[in-house]
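Participant: what follows is a protein structure lacking sequence information:
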């Protein structure tokens with residue numbers, strides 16, 4: 001229907017098209033139901049602002065089938081990325097390489113790094129803005145910025161587990177790991193050497209006792225660490241060192257946090 005109507009439309013004048021409101025309504029309704037149907041449309045509809053805007057709002061990937069002119073339209077590309085952020089890869093190179101446009105997307109909570117041109121994945125200002133909104137955007141940053149302490153700290157401060165996308169050297173960097181744990185205690189699972197660091201362990205288990213399973217065996221036998229852990233999750237009493245499972249204060253703290261701890265084997 002889209003293709004047939006488009007081909008017919010191309011033979012008409014703009015005045016004739018204006019006299020066919022029902023046909024336009026039908027086209028727009030089709031695109032509302034399935035934005036990717038733009039793929040089968042004629043060039044007329046792929047160049048029609050309203051038709052393309054309707055399509056990309058339904059499915060941002062429809063931007064791939066828009067005319068070259070509309071793939072260079074800021075409003076069209078913005079709506080496409082709002083729907084599916086990686087759709088940015090279908091935008092014109094002008095927009096893809098425009099840091100101000102990318103920053104405007106990020107300000108609207110549209111996080112475009114997944115589809116951004118490599119050159120922009122190296123732009124520290126753009127990447128900092130993105131990871132400050134959502135740390136997991138670090139995955140799509142250029143490797144040079146995954147090695148940048150300022151960028152990594154900004155990322156893990158908003159999404160602790162974004163640590164996994166940082167250069168390996170940061171997995172054992174105490175300042176970075178502590179910043180990640182402050183956001184998400186389970187980020188301790190991403191480090192090896194620091195699982196045996198008491199300060200790091202306390203930071204994690206005091207936020208989420210279940211992270212006791214990630215600390216070293218030595219710290220599972222550390223009274224301070226275990227007591228802090230059971231205060232937030234009594235169930236972890238079962239993975240504490242054997243010598244601490246009969247510690248009265250620890251057992252009472254565990255029971256206070258979770259009555260079901262009484263059923264754990266002591």
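Facilitator: Looks like it arrived, so ask away. Computed from a predicted model, the values in this text were never measured in an experiment. Residues are numbered from 1 along each chain as shown.

Participant: can you map out the helices along the stretch 101-250 of the chain?
Facilitator: For the stretch 101-250 of the chain, applying DSSP state H, counting those that start in this stretch gives helices covering 118-121, 124-133, 143-146, 149-158, 174-183, 198-205, 217-220, 223-232, 248-257.

Participant: now render those helices as TSV, adding mean pLDDT.
Facilitator: TSV is the format used below for the helices of the stretch 101-250 of the chain (pLDDT from 0 to 100):
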stretch	mean pLDDT
helix 118-121	94
helix 124-133	97
helix 143-146	97
helix 149-158	98
helix 174-183	98
helix 198-205	98
helix 217-220	96
helix 223-232	96
helix 248-257	91
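
Participant: now render those helices as TSV, adding distance to residue 73 and mean neighbour count.
Facilitator: For glycine as for every other residue, the C-beta is placed from the backbone atoms N, C-alpha and C. Output for the helices of the stretch 101-250 of the chain, formatted as TSV (distance: least, Cβ to Cβ, whole Å; neighbours: other Cβ atoms under 10 Å):
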stretch	distance to residue 73	mean neighbour count
helix 118-121	19	15
helix 124-133	20	21
helix 143-146	29	17
helix 149-158	31	21
helix 174-183	37	21
helix 198-205	48	22
helix 217-220	57	16
helix 223-232	51	22
helix 248-257	56	17
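
Participant: residue 42: which of these is closest?
Facilitator: Across the helices of the stretch 101-250 of the chain, the minimum distance to residue 42, taken as Cβ to Cβ, is reached by helix 118-121, at 33.0 Å.

Participant: contacting residues around that closest one?
Facilitator: When contacts are defined by Cβ atoms under 8 Å, 6 or more residues apart in numbering, helix 118-121 is touched by residues 96-97, 99, 102, 113, 126-127, 140-142, 145.

Participant: rerun that using 7 Å as the cut-off
Facilitator: 96-97, 99, 102, 113, 126-127, 140-142 (Cβ atoms under 7 Å, 6 or more residues apart in numbering).

Participant: hang on, isn't residue 88 packed against residue 96?
Facilitator: Yes: Residue 88 lies in contact with residue 96 (Cβ atoms under 7 Å); the separation is 6.3 Å.
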